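Undergrad: 3D, please:
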Amino acid sequence: MVRPNLLSTTRFTRLRFEVALQLLLFIVVGGVIYRYCWLDITDPYKCGALLNKGQWLDPGPKWTSRKTFQNWQPPGCIMHEYKKKDIEICLRGSRMVFIGDSTTRQVFWAVVKKLDRDRAEQAIERMLDSKEKHNDIDFESNGVTVQFKWDPWLNSTALERELKTFRAHPSRANDEVELGKEASGSSAASVLLGTPGLWYARHGQENFFKNFRNAIDVVIPYMDHGPDDNEALPLRPISRGKQSPNLLLFAPVQVPDYEFLSPAREETIIPEKIDQMNDYLQQVSAHSFADVIWSYSLMTWRRHSAYEESGLHVVENVAHRKADVLLNLRCNANSANVGYPFDKTCCSNYRILNTTQWTILVMGMLILPILPFLQRRHIARVSHSLPSTNVLNALTIIVLVVCYCFYADRTQIFEKAHKQFRRHEFFWACAVVAIGGISTVRRNSGPRTGHSSARIAGVDGFLSRDQTDEWKGWMQFFILIYHYTHGSTILPIYYLVRLSVASYLFLMGFGHTLYLLEKDDFSSQRIIQVLLRLNLISCILPYMMSTDYLFYYFAPLASFWFLVIYTTLRLGRSRNSSLVFLIGKVILSAMLTMAFTMIPGILEFVSLFLRYTCRISWNISEWRFRTFLDMYIVYIGILVAIFFARIRKLKSINTPPSTMIDKILSFTVTYNRLYKAALTIWAIGIISGFWAISSVHTKKEDFNWWHPYLSFLPILAFIALRNCHDILQSYHSGLFAWLGRFSLESYILQCHIWLAGDTRGLLRLGLWNQWVEAAMLTVIFLWLSYLVANATQVLTHWILGYSTNREAFRGRDSKTAAKVSPYLLPRDQDEGCTPTPSKDMKFELRKTRFSQWLPQQNRITLQWKVVWILTLMWIGNIAYKQ
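TA: Numbering: from 1, shown residues only. From the prediction side, this is the model:
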């Protein structure tokens with residue numbers, strides 16, 4: 001029995017901890033608001049950051065390395081690496097123009113290679129083979145025209161023509177085309193002018209600076225104000241939902257690597273000349289609207305490995321990042337209209353809020369926080385029509401967290417950053433988590449009832465609730481580290497994550513099967529309870545974040561497999577006592593599920609039906625890929641649960657086995673130590689062999705091909721090692737088990753409040769050191785995930801009509817607490833769990849005029865609740881404005 005003073009001390013400690021977490025959240029929110037409203041007031045969209053600043057996350061010592069200079073980080077935003085499809089969406093029917101010398105031509109070739117690498121390389125070979133290399137080049141691909149004008153002095157008639165036809169606003173340029181002007185005379189979507197510094201330094205003699213200055217001064221008026229246009233040109237605040245402005249930009253004078261210049265160039269291209277010309281560009285840009293891409297200079301600053309052997313031109317990766325800077329400046333304002341993932345956060349604005357999003361924000365920020373106050377004040381007209389305080393608090397928590405997700409990942413209030421894998425960071429994170437897990441090892445929870453005599457030695461400790469929570473917890477920690485450190489680029493880490501996901505599904509198959517076989521609970525309450533618990537937060541977030549249901553793929557995947565398990569065991573359940581019949585059903589279910597998933601046309605028809613009836617988008621190829629990766633591991637979990645339940649039954653009825661399978665199962669219990677020893681040796685061999693086979697493959701595609709067929713081997717081997725001794729069965733890690741109890745919520749919420757750009761980047765505050773910020777955001781992320789898990793549980797019980805007392809969710813009522821995770825394992829019988837609410841749970845329904853209804857009428861009421869929820873979601877889908 002817990003002493004009162006000890007109980008009060010625990011409550012006081014918990015209260016102080018919650019206050020500290022709330023204070024930390026307040027500091028984070030207040031800090032980012034301060035940075036956004038004051039520090040970033042001149043550059044809220046990060047256009048200036050992309051234009052003027054940045055650093056390499058992956059610099060390399062050797063210019064020959066292809067793995068370096070791929071990740072350029074502007075401060076506070078994610079720069080997108082543009083591919084062919086992205087460029088075509090942005091610039092179809094438009095022109096990109098590059099005017100300058102060979103350094104500008106490198107950026108031109110980088111853009112062309114993104115459109116069609118093979119054709120670009122052939123064109124480069126033809127250019128190098130020809131005697132005349134200083135020619136104009138035109139390239140067209142699927143409606144996108146890219147032009148290079150050779151003009152190293154910046155004084156050609158081609159330059160004059162482009163300046164006169166340039167318009168900053170695409171709508172005006174389009175109007176001119178519609179009035180009958182030729183496409184060649186219309187404004188280019190972007191014009192990059194390579195400043196003529198290298199040529200004036202090399203050939204300009206004593207008047208090089210005067211001539212350079214005159215060439216620049218001719219262009220400046222067009223950058224300040226276009227003809228017949230009194231409005232400032234690009235890179236001013238971006239209006240939401242409008243087309244990106246056309247760009248007229250300067251590239252700074254390329255600072256060469258002086259050590260590698262040829263003797264002839266070294267005599268004339270000296271640092272004093274280059275610095276003098278770039279200083280003039282800085283003065284001009286400071287006193288006009290002329291925009292110079294100074295980040296180009298930072299890309300090569302003190303980076304010998306960024307240059308080719310000539311010392312004048314940059315390596316291909318650097319040229320591609322220069323092209324990406326230009327494309328992000330020009331195209332990102334349109335990216336929000338394309339849809340998620342919203343990973344183009346530099347020089348971009350997000351969508352205007354639609355009615356659904358405004359409704360959620362108003363509910364979460366204004367209405368719901370007020371309702372508990374009104375209820376506590378006992379305002380009769382309001383309080384009688386409201387649910388209990390616990391339910392209101394749960395609703396408030398979920399909606400507020402959803403709003404927090406929106407402000408974190410759909411506004412510029414929080415900064416975003418690129419991911420970059422660094423081996424030492426990954427291993428340090430794993431080491432810290434491992435130390436925390438080992439330091440919190442404790443004995444498993446003891447029996448809560450008088451059924452201790454019912455414990456079967458060496459059997460009932462197998463995959464206990466504490467053990468499976470621990471398993472889920474350390475896997476979730478590993479997956480979080482994997483996502484945060486960008487471990488997907490490292491194949492061995494990817495293999496372990498794929499096995500972790502398969503392990504989750506194995507546990508789900510094992511847990512649901514064991515529950516359904518032992519409790520025979522195939523009621524509608526069970527279906528609704530599990531599906532609500534799995535999908536509540538993942539169904540709300542798409543409305544707020546403009547994503548879709550499949551984006552949070554583990555929730556739909558788990559729901560799908562639960563329905564498969566339920567249907568498999570529900571059909572012919574009167575004969576579930578027959579082991580042969582059960583195994584036959586499992587095999588038949590596997591064949592039908594495989595056919596349903598993999599035969600072309602079936603899923604396509606389902607997707608088409610959902611699209612036209614409910615406006616639900618369903619990426620069939622992605623879904624088919626996800627389900628195939630772990631197609632059979634769920635059935636392995638089902639079979640293990642069937643055999644485990646059979647062993648329990650054989651021991652409880654104390655009768656001799658009648659079938660060959662029963663005899664084999666009885667042998668494993670009778671000779672338990674011998675069986676465990678043999679299984680341990682087998683497990684060690686399996687894990688070693690599996691790792692050796694995995695190490696052979698160098699591509700994800702190869703691993704993904706055979707993973708569905710062999711993933712069960714290392715999973716069963718791990719289970720054998722984890723349960724090879726009674727001591728290992730009797731202890732678990734408290735830290736890992738704690739995270740395992742809300743692993744679903746942490747997996748979903750990481751997408752927006754820990755990661756950023758829909759998992760493509762990292763969330764940042766932009767105030768302190770990155771590790772300080774990472775620690776603060778991690779604590780908040782885990783805390784909010786924990787709160788959402790508890791709130792989801794409260795709302796699920798409220799919808800089902802169960803008790804929502806606070807004590808039921810703090811462990812005082814073991815029967816209720818055991819239902820925290822219906823999507824995994826129920827507690828063992830000897831631990832006092834009776835997870836069939838309709839039989840053993842005492843309800844505390846609110847007194848209403850319907851309280852005298854019969855149980856059958858209560859079930860109808862529950863069904864009507866579900867109908868109302870589905871109807872509300874259907875209306876939300878139909879009315880939702882993308």
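Undergrad: Tell me the spatial nearest neighbour of A110, not counting adjacent residues.
TA: For A110, ignoring the flanking residues on the chain, the nearest one in space by Cβ to Cβ, 6 or more residues apart in numbering is A323 at 3.8 Å. Heads up, the C-betas are built off the backbone N, CA and C, glycines and all.
Undergrad: And for L710?
TA: Spatial nearest neighbour of L710, excluding adjacent residues (Cβ to Cβ, 6+ apart): F690 at 7.0 Å.
Undergrad: Check which helices and strands the helix or strand where the one you found lies sits against.
TA: According to DSSP states H and E, F690 maps onto helix 672-696. Helices and strands touching helix 672-696, by 3 or more Cβ pairs under 8 Å, 6 or more residues apart in numbering; DSSP states H and E, are helix 491-519, helix 700-710, helix 712-722.
Undergrad: what residues does that helix touch?
TA: With contact meaning Cβ atoms under 8 Å, 6 or more residues apart in numbering, helix 672-696 is reached by 457-458, 492, 495, 667-668, 703, 710, 713-714, 716-718, 720-721, 723-725.
Undergrad: which of those residues count as buried?
TA: 458, 495, 668, 703, 713-714, 716-718, 720-721, 723-724 (16 or more other Cβ atoms under 10 Å).
Undergrad: that older thread, pLDDT on the helix holding F690, on average?
TA: Taken as a whole, helix 672-696 has a mean pLDDT of 87.
Undergrad: Now do it against helix 491-519, angle only.
TA: For helix 672-696 against helix 491-519, the angle by axes from the mean of the first three to the mean of the last three Cα atoms, to 10 degrees is 140 degrees.
Undergrad: Buried residues, helix 672-696. List them.
TA: By neighbour count with 16+ other Cβ under 10 Å, helix 672-696 contains the buried residues K676, L679, T680, A683, I686, I687, F690, S694.
Undergrad: circling back: is the residue nearest to A110 in contact with H80, as I believe?
TA: No - with contacts counted by Cβ atoms under 8 Å, A323 stays clear of H80, the gap being 11.7 Å.
Undergrad: Just want to know which of those two has more residues nearby.
TA: More neighbours sit around A323 than around the other of A323 and H80, counting by other Cβ atoms under 10 Å; the figures are 25 against 21.
Undergrad: now the strands for this protein?
TA: If DSSP state E is used as the criterion, the strands of the chain fall at 55-56, 72-73, 95-100, 137-141, 144-150, 190-194, 247-251, 415-418, 441-443, 731-733, 755-756, 761-764.
Undergrad: and the last one, what other elements does it pack with?
TA: What it means is strand 761-764. Contacting strand 761-764 under the criterion 3+ Cβ pairs under 8 Å, 6+ apart are the following elements: strand 415-418, strand 755-756, helix 770-800.
Undergrad: Quick one: list the elements packing against the last one.
TA: Based on contacts counted as 3+ Cβ pairs under 8 Å, 6+ apart, the elements that helix 770-800 packs against are helix 4-34, helix 389-409, helix 524-545, helix 743-753, strand 761-764, helix 855-879.
Undergrad: Quick check: mean pLDDT of the third one?
TA: Okay, so that is helix 524-545. Per-residue pLDDT over helix 524-545 has a mean of 92.
Undergrad: orientation of it relative to helix 770-800 in degrees?
TA: Direction vectors for helix 524-545 and helix 770-800, defined by the same axes, to 10 degrees, enclose an angle of 140 degrees.
Undergrad: Mind listing what's buried along helix 524-545?
TA: Buried residues in helix 524-545, counting neighbours by 16+ other Cβ under 10 Å, are found at 525-526, 528-545.
Undergrad: Next up, phi/psi of G204, please.
TA: In terms of degrees, to the nearest 10, the main-chain angles of G204 are phi -80, psi -10.
Undergrad: Nearest spatial neighbour of it, chain-adjacent residues omitted?
TA: N211 (5.6 Å).
Undergrad: Can you lay out the helices and strands packed on helix 770-800 as CSV showing distance to F427?
TA: Formatted as CSV, the entries for the helices and strands packed on helix 770-800 read as follows, by distance: least, Cβ to Cβ, whole Å:
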stretch, distance to F427
helix 4-34, 27
helix 389-409, 28
helix 524-545, 32
helix 743-753, 20
strand 761-764, 18
helix 855-879, 44
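Undergrad: which stretch in those has the least confidence?
TA: Across the helices and strands packed on helix 770-800, the lowest-scoring stretch is helix 855-879, with a mean of 73.
Undergrad: tell me what that one is packed against?
TA: Packing partners of helix 855-879 (3+ Cβ pairs under 8 Å, 6+ apart): helix 355-362, helix 524-545, helix 602-614, helix 770-800.
Undergrad: where does the spatially most central residue of the chain land on pLDDT?
TA: If you average the C-alpha coordinates of the chain and look for the closest C-alpha using Cα atoms, centre = their mean, you land on T759, 2.5 Å from that point. Taken from the predicted model, the pLDDT recorded for T759 is 93.
Undergrad: Would you agree it is in contact with H483?
TA: Yes - with contacts counted by Cβ under 8 Å, T759 reaches H483, the gap being 6.4 Å.
Undergrad: Report pLDDT for the nearest residue to T42 once chain neighbours are set aside.
TA: Taking Cβ to Cβ, 6+ apart as the measure, T42 lies nearest to G48, with 7.1 Å between them; neighbours along the chain are not counted. At G48, the predicted lDDT confidence score is 92.
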